[in-house]
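> need a 3D model of the sequence below.
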Amino acid sequence: MKKWIGLIILVQTILFGMLIVQLDKMTDTIAAVGAYIATNDGDLTWGGGLPVMDYVLFGILIIVGIFLLIPEEKLK
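Numbering: from 1, shown residues only. A predicted model of the protein is given here:
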């Protein structure tokens, strides 16, 4: 059962990550007009994109899923 839960978490995280990345790319084109931010230099730059923390959380979930797939005998 532990192995199946790990597999489900791993697959769900990968698919959800792919969905989020595709939605992020799609919103870049839709929100291009209003998503510019002013820098300290006085320039306008693109302010879109996923925060780094989202990628860190996706990575943690993938690691947990892989950890649950490994049998306990191999971890010792």
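> flag every buried residue along the lengthiest helix in the chain.
Ranked by residue count, the top helix of the chain under DSSP state H comes out as helix 2-30. Within helix 2-30, the residues scored as buried using 16 or more other CB atoms under 10 Å are 6, 9-10, 13, 17. From N, CA and C alone the C-beta is placed, and that goes for glycine too.
> any chance of the residues you listed in JSON lines, plus distance to F58 and pLDDT?
Formatted as JSON lines, the buried residues of helix 2-30 follow (distance: CB to CB, whole Å; pLDDT from 0 to 100):
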{"residue": "G6", "distance to F58": "16", "pLDDT": "84"}
{"residue": "I9", "distance to F58": "12", "pLDDT": "86"}
{"residue": "L10", "distance to F58": "11", "pLDDT": "86"}
{"residue": "T13", "distance to F58": "6", "pLDDT": "87"}
{"residue": "G17", "distance to F58": "5", "pLDDT": "86"}
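> tell me where the model's unsure across the protein.
Scanning the chain for pLDDT under 70 picks out 28-51, 75-76.
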